[in-house]
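Student: Here is a sequence together with a model predicted from it:
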Amino acid sequence: MFHIYCPHCEDHREEEEFHASGEAHIPRPLDPQSCSDEEWGEYLYFRKNPRGLHHELWVHAVGCRKFFNITRDTVTYEIKEVYKVGEKPSVTSSEKNQ
């Protein structure tokens, strides 16, 4: 078991209190009514599944119930940073955190 830092509660909690909610920073189409079926399908269903650094949306389901982002290495499971929704990640490549 590992611990995750919640930027809203400002505390490390057990991973069982959190749920991953998919890829972070996915822009919603500005005018969904004018999207083609293909464009809407891309937005709803297709996500990156990288090996290595990945930005993910998480929720503190058992705690404050707020969403936040995690930058995590999908190979080692190491959490590189945690930041609130609306903020930009500071870690954008593996070299920055070595």
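Tutor: Happy to help now that I have it. Numbering: from 1, shown residues only.
Student: how about the closest residue to Thr74 other than its chain neighbours, secondary structure?
Tutor: Computed as C-beta to C-beta, 6 or more residues apart in numbering, the closest residue to Thr74 that is not its neighbour in sequence is His54, at 5.1 Å. Where C-beta positions appear, they are placed from N, C-alpha and C, glycine not excepted. The local conformation at His54, judged by DSSP: H, G, I helix; E, B strand; the rest coil, is strand.
Student: Quick one: residues contacting the closest residue in space to Ser21 that isn't next to it in sequence.
Tutor: Nearest in space to Ser21, with sequence neighbours left out and distances taken as C-beta to C-beta, 6+ apart, is Leu57 at 4.4 Å. Applying C-beta atoms under 8 Å, 6 or more residues apart in numbering to Leu57 gives the contacts Ala20, Ser21, Gly22, Glu23, Ala24, Phe67, Phe68, Asn69, Val85.
Student: Between these, which sits nearest Glu39?
Tutor: Glu23 (17.1 Å; C-beta to C-beta).
Student: Thank you, goodbye.
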